[in-house]
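Trainee: Okay, here's the prediction I keep looking at, along with the sequence it came from:
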Amino acid sequence: MTINNNQPQPSIPINKIKRFEDFFRLFQEKPTEFKYRDKISKIYAEVENNLEFLF
C-alpha cells in the first residue's frame, strides 16, 4: 500500500509564535468584529497582566 500525501511542504519554516499572535489579533467572530483585539488593547492601556480566552 502506498500513501501519497499531495499537500505541498512549506519551503519556509512556519513561525508558530507569529501564527498564534496573528490568530488572536485577527480572529473575527463576525465580519469586522475582532474578538480579542479590543481585549488586548485594553490590557495594554490598563497595564493588566492577564487575558481570558473563551473557546
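Mentor: Looks like it arrived, so ask away. Numbering: from 1, shown residues only.

Trainee: Identify the residue nearest the geometric centre of the chain.
Mentor: By C-alpha atoms, centre = their mean, the chain has its centre lying nearest to residue 23, at 1.4 Å.

Trainee: Relative to residue 50, how far out is it?
Mentor: 18 Å (C-beta to C-beta, to the nearest Å). Yep, even glycine has a C-beta here, placed from its N, CA and C like the rest.

Trainee: ditto for residue 29
Mentor: On the measure of C-beta to C-beta, residue 29 and residue 50 end up 21 Å apart.

Trainee: More neighbours: these two, which one.
Mentor: residue 29 (8 against 5; other C-beta atoms under 10 Å).

Trainee: Please name the strands paired to the helix or strand where the more buried one lies in the sheet, noting orientation.
Mentor: Element membership of residue 29, judged by DSSP states H and E, is strand 28-30. Applying DSSP bridges to the sheet, strand 28-30 is found paired with strand 33-34 (antiparallel).

Trainee: roughly how far out does the strand it pairs with sit from the chain middle?
Mentor: Chain-centre distance of strand 33-34: 13 Å, with C-alpha atoms, centre = their mean, to the nearest Å.
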